[in-house]
Structures are given as C-alpha cells and as structure tokens.
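# Mind looking at a prediction? Sequence and model below.
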Amino acid sequence: MTQSLPHSAGADAEPDQPGAYHYGVMARAIAAIDAAGGAPLPLADLASELHMSPAHFQRLFTRWVGVSPKRYQQYLALGHAKSLLADRATTLATAQEVGLSGSGRLHDLFLRWEAMRPGDYARGGEGLTIRWAVADSPFGPALAMATDQGLCGLAFTAECGEAEAQADLRARWPGAVFVEDPDRVLPLVSAAFGGRGADLHLIGAPFQIKVWEALLQIPSGHVTTYSDIARVIGAPKAVRAVGTAVGRNPISWLIPCHRALRKSGGLGGYHWGLPVKRAMLAWESARQDASPQQE
C-alpha cells in the first residue's frame, strides 16, 4: 500500500502543497532545459514542452521553488556548483568553533539525533523494528523508514524506483524486522519537511556517523567539499572514504549529503540520482535568494 503526503494531483489541478506532482513537473522542465544545451528557454517554449499554458506553468513553478522559471534556469546551469563553492562554501571547522556541532544544534536548528551503538550496528540491526511508508516530498516520491527513536531512512525514488530503494535500505540492516506503518511514519515525514522538528536515529558505523554529523553542520543554500569534511573529522587523507560514507547516508535531504561537492566544483555522485541532487541544490539556492522583486 502506498500513501501520499501531501496530496498529489493531476496535470490540470494545483495541489495545496508542493509535493511529488510538482517535482514531476520540475523534473520534466529540467530535462527540457538540459536538452536546450545551455540556451535559455523562453517561458512560452518551456510551457509548451510540458503541455501547459505559460500562466499555469509559471504559477506552478513559482509556487514550488519561489522564483520564476527564467530565474531558476540560472541555478540549474552546469556551472552553478562551482559558483556555490566559490561564494557559499562552508568552513566546517569554523562551524564547530562557534558551537554548531553536537546534538543541541544541527541542520537548520530543528533536527535532533542519536546514534545506534556500534555493537548493535555490527549485528545488522538485529532485534530492531523499522517501520516504513511511502510519501510525497518536494523532490518526488520518498521512501521513509523509522525506529522508535526517529527517522532512520529517507530515499528519493523518482530516479531509481521504490523497489530498488526498498532493497537498498533494507540491506543496510538485514537483521531488522520491517513493518509497513504509514500511521506512525507519515507524521514524522510531515514534521521534517514542514520544519516542525524531526528526530533522527543514525544507524551506521562510527566513521560513517562522524561524516554524517559533519554534513549536518552545512546550512541550507551552502556547500562544502569531501576534503573539508575529511579534515574536520580528523582524517585528512581519507577523502575517498569520506565520499563513500557520504554516499551511504541513509537519511537523504535531512542529512544533507547533496551539499557535498568535489574540490573542483563538480557535483560528484548522488545515491538517488544526480538529477535529484541538482534539483535540491538549485531549489535551496533559489529559495535563499528569492525576493518579490525577482522576475
């Protein structure tokens, strides 16, 4: 059984909240923008590609991201990651010095987390009950998993599909018992995306948890590099291992692995698909810069 959060709508309707339907439209728009090879697409042409009127498409688009399609195209340019790295790179060591580390303040002031004990993790989650549900999100359908302590898994399935995401997350904790329970899980997802507070239960090896804690220090709209993360956790030569740990982050978006870039400014990888990572970075940048005066 699949439940949605929030409501999804058809092509001619406008959902009450931006969710998977909006992201589906945006994903098609991104593909059209990419196909243009860097040439700006006028609103009328982009709307025609999506079989919508220009007014309806602009209204839908602006509601999702906060800026117009014309403005958003700038954030989707292939050089945007490099400009982010130049203008909005977060020095994680500084973040630690001013008190941004630790369970009292992480990721946008509303996440609280605790980690599974290493011995319990080594047993593959044996004896642990993990509840799951499928929900809508601003970035398409999401598979969410939670223990009694909080969310432990969040995967975006627009690129890989639900079956692959299920297999991926379950393989991380093979000893756990998995129970579909939307009544328990969907309110946690709603609170997380609504900014009302979220408890996280980090289930990973000690090195991975160090990396994920560093990711939690990166503010929305900013980025850092794998090498900077390696320095902050005291393993400056372990850049490759840091990259692997970033890729194994089980709680996407809330633990913002999409904000980790290569030192060159390249996007690097993203476990749930690079189109989703690009959309997330552009969405955050657009929302940070949005103002009523922008076109």
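That came through, no problem.
# Okay, strands next: where are they in this structure?
Ranges of strands within the chain are 111-115, 129-135, 142-147, 150-156, 177-180, 198-202, 224-225, 260-261, based on DSSP state E.
# Export those as TSV, with columns for mean neighbour count, mean pLDDT and distance to residue 121.
C-beta here means a position set from N, CA and C on the backbone, and glycine is covered the same way. Listed next are those as TSV, based on neighbours: other C-beta atoms under 10 Å; pLDDT from 0 to 100; distance: least, C-beta to C-beta, whole Å:
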stretch	mean neighbour count	mean pLDDT	distance to residue 121
strand 111-115	18	73	8
strand 129-135	21	96	13
strand 142-147	26	95	12
strand 150-156	25	94	11
strand 177-180	13	97	16
strand 198-202	22	88	9
strand 224-225	22	88	25
strand 260-261	24	86	22
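# Any chance of the ones you listed in CSV with distance to residue 29 as columns?
Converted to CSV, the strands of the chain look like this (distance: least, C-beta to C-beta, whole Å):
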stretch, distance to residue 29
strand 111-115, 30
strand 129-135, 22
strand 142-147, 20
strand 150-156, 17
strand 177-180, 33
strand 198-202, 29
strand 224-225, 28
strand 260-261, 23
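# Helices of the protein, start to end?
Per DSSP state H, the chain carries helices over the ranges 20-35, 43-49, 54-65, 69-76, 80-87, 92-97, 118-122, 162-172, 182-193, 206-215, 226-232, 239-247, 274-289.
# Mind telling me which of those helices the model trusts least?
When these are compared on mean pLDDT, helix 92-97 scores lowest, with a mean of 48.
# Check the residue nearest to the spatial centre of the chain and give its pLDDT.
Central residue of the chain (C-alpha atoms, centre = their mean): residue 253, 2.6 Å from the mean position. As predicted, residue 253 sits at a pLDDT of 90.
# Spatially nearest residue to it (excluding sequence neighbours)?
Closest residue to residue 253 apart from its sequence neighbours, by C-beta to C-beta, 6 or more residues apart in numbering: residue 154 at 6.3 Å.
# thinking that neighbour is in contact with residue 144, fair?
Yes. Here residue 154 lies in contact with residue 144, judged by C-beta atoms under 8 Å, at a distance of 5.4 Å.
# With mean neighbour count added, can I get the helices of the chain in CSV?
As requested, the helices of the chain are exported to CSV (neighbours: other C-beta atoms under 10 Å):
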stretch, mean neighbour count
helix 20-35, 19
helix 43-49, 17
helix 54-65, 18
helix 69-76, 20
helix 80-87, 16
helix 92-97, 15
helix 118-122, 13
helix 162-172, 16
helix 182-193, 19
helix 206-215, 21
helix 226-232, 21
helix 239-247, 19
helix 274-289, 21
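# returning to that earlier point: to residue 169, which of the strands of the chain lies closest?
The closest of the strands of the chain to residue 169 is strand 150-156. By C-beta to C-beta, the value is 4.6 Å.
# Now do that closest one against helix 274-289, angle only.
110 degrees (axes from the mean of the first three to the mean of the last three C-alpha atoms, to 10 degrees).
# who's in contact with strand 150-156?
112-114, 130, 132, 137, 139-146, 165, 168-169, 172, 188-189, 192, 198-203, 250-254, 271-273, 276 (C-beta atoms under 8 Å, 6 or more residues apart in numbering).
# so how far is stretch 248-267 off the chain centroid?
8 Å (C-alpha atoms, centre = their mean, to the nearest Å).
# Can you give me the distance of residue 272 to residue 241?
Distance, residue 272 to residue 241, by C-beta to C-beta, to the nearest Å: 21 Å.
# cool, residue 256 as well?
Distance from residue 256 to residue 241, by C-beta to C-beta: 19 Å.
# What of residue 212?
Taken as C-beta to C-beta, the span from residue 212 to residue 241 is 13 Å.
# next one: residue 197
From residue 197 to residue 241 the distance is 32 Å (C-beta to C-beta).
# Same question for residue 161.
From residue 161 to residue 241 the distance is 29 Å (C-beta to C-beta).
# Please apply the same query to residue 192.
In terms of C-beta to C-beta, residue 192 sits 28 Å off from residue 241.
# do residue 216 as well
Taking C-beta to C-beta, one finds residue 216 at 18 Å from residue 241.
# try residue 34
From residue 34 to residue 241 the distance is 32 Å (C-beta to C-beta).
# what's the burial count for the closest residue to residue 210 other than its chain neighbours?
In this structure, residue 210 finds its nearest non-sequential neighbour in residue 233, 4.4 Å apart by C-beta to C-beta, 6+ apart. The local packing of residue 233 (other C-beta atoms under 10 Å) involves 19 other residues.
# ok, residue 233 touching residue 208?
No. Contact status for residue 233 versus residue 208: not in contact, 10.4 Å apart, counting by C-beta under 8 Å.
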